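Engineer: structure for the following, please:
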Amino acid sequence: MDFETVLEKVLTAFEKAGIRYALMGGFALGVWGVHRATVDVDFLIDRDDLEKAHRIMSDLTYQCLHHTENVSQYVSPLNIFGEVDFLHAFRSASRRMLERAEEKKICGGKLTIRVLIPEDLVGLKVQAMVNDKSRWTNDLADIEGIMALHKAALDWSIIEEYFALFGLEEMGQELRRRYCGT
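Structural biologist: This next block holds a predicted model:
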């Protein structure tokens, strides 16, 4: 997958269509300085924009392999385009994530993209850990990577809300003590 080519084409089309989106997942972690391997691009997208996004993805040769109320998965038969996944924002919490997303320069400053803030990336990682125990080690490493790099700048009240939402208050408090001393 050629990430720069994919992002240039998708972002240009998203901007033209007025799609509300934010980068998430492994690539978003990299934007915030937590580098790890990834094989796809993941977006949070407003559910009201899904029909427009589907047309864009189809025009770019992608085929929808999986679609539920919560997620859509697109794969292109062209290796250069690879896989693009969407998490659908329709609950108030996920729509707030879209509102808080920040614009960042990527690909050596060639592209501007909306990216979830670190606190919301942590929230999605906590959810992923709870939903799939086999992801626990890797997702916790990603969470701690974010915390180690951004500890003083993080809004810990948002992070602690996510841990509490999934019944992991003690873990959230311990991580805050470890990375902030408070």
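Engineer: list the buried residues in stretch 21-30.
Structural biologist: 21, 22, 23, 24, 25, 26, 27, 28, 29, 30 (16 or more other Cβ atoms under 10 Å). The way it works is simple: take the backbone N, C-alpha and C, and place the C-beta from them, glycine included.
Engineer: now do stretch 122-132
Structural biologist: 122, 123, 124, 125, 126, 127, 128, 129, 130.
Engineer: and the residue most central in space within the chain, how far from residue 104?
Structural biologist: Nearest to the geometric centre of the chain sits residue 24, at 1.3 Å (Cα atoms, centre = their mean). Remark: distance between residue 24 and residue 104 (Cβ to Cβ, to the nearest Å) = 13 Å.
Engineer: overlap in contacts of the two?
Structural biologist: Shared contacts of residue 24 and residue 104, defined by Cβ atoms under 8 Å, 6 or more residues apart in numbering, are found at residue 115.
Engineer: all strands of the chain, in order?
Structural biologist: With DSSP state E as the criterion, the chain has strands at 21-24, 40-46, 63-67, 71-75, 83-89, 102-106, 111-115.
Engineer: dump the first one to CSV, keeping only the CA atoms.
Structural biologist: C-alpha atoms of strand 21-24 as CSV (Å, rounded to 0.1, in the frame of the first residue of the first chain):
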residue,chain,number,x,y,z
TYR,A,21,-13.7,12.5,9.2
ALA,A,22,-10.6,12.0,11.3
LEU,A,23,-7.6,9.7,11.0
MET,A,24,-7.4,7.1,13.7
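Engineer: which strands or helices does that strand pack on?
Structural biologist: When contacts are defined as 3 or more Cβ pairs under 8 Å, 6 or more residues apart in numbering; DSSP states H and E, strand 21-24 sits against strand 40-46, helix 92-100, strand 111-115, helix 118-131.
Engineer: would you reformat the ones you listed as JSON lines and include mean pLDDT?
Structural biologist: What follows is those, written out as JSON lines (pLDDT from 0 to 100):
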{"stretch": "strand 40-46", "mean pLDDT": "95"}
{"stretch": "helix 92-100", "mean pLDDT": "95"}
{"stretch": "strand 111-115", "mean pLDDT": "95"}
{"stretch": "helix 118-131", "mean pLDDT": "96"}
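Engineer: could you dump the ones you listed to TSV with distance to residue 5?
Structural biologist: Converted to TSV, the helices and strands packed on strand 21-24 look like this (distance: least, Cβ to Cβ, whole Å):
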stretch	distance to residue 5
strand 40-46	11
helix 92-100	25
strand 111-115	11
helix 118-131	24
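Engineer: low-confidence ranges in the protein?
Structural biologist: Scanning the chain for pLDDT under 70 picks out no residues.
Engineer: just the closest of the buried residues of stretch 122-132 to residue 56, please.
Structural biologist: For residue 56, the nearest member of the buried residues of stretch 122-132 is residue 124. The distance, counting by Cβ to Cβ, is 23.0 Å.
Engineer: which residues touch residue 11?
Structural biologist: 111, 112, 113.
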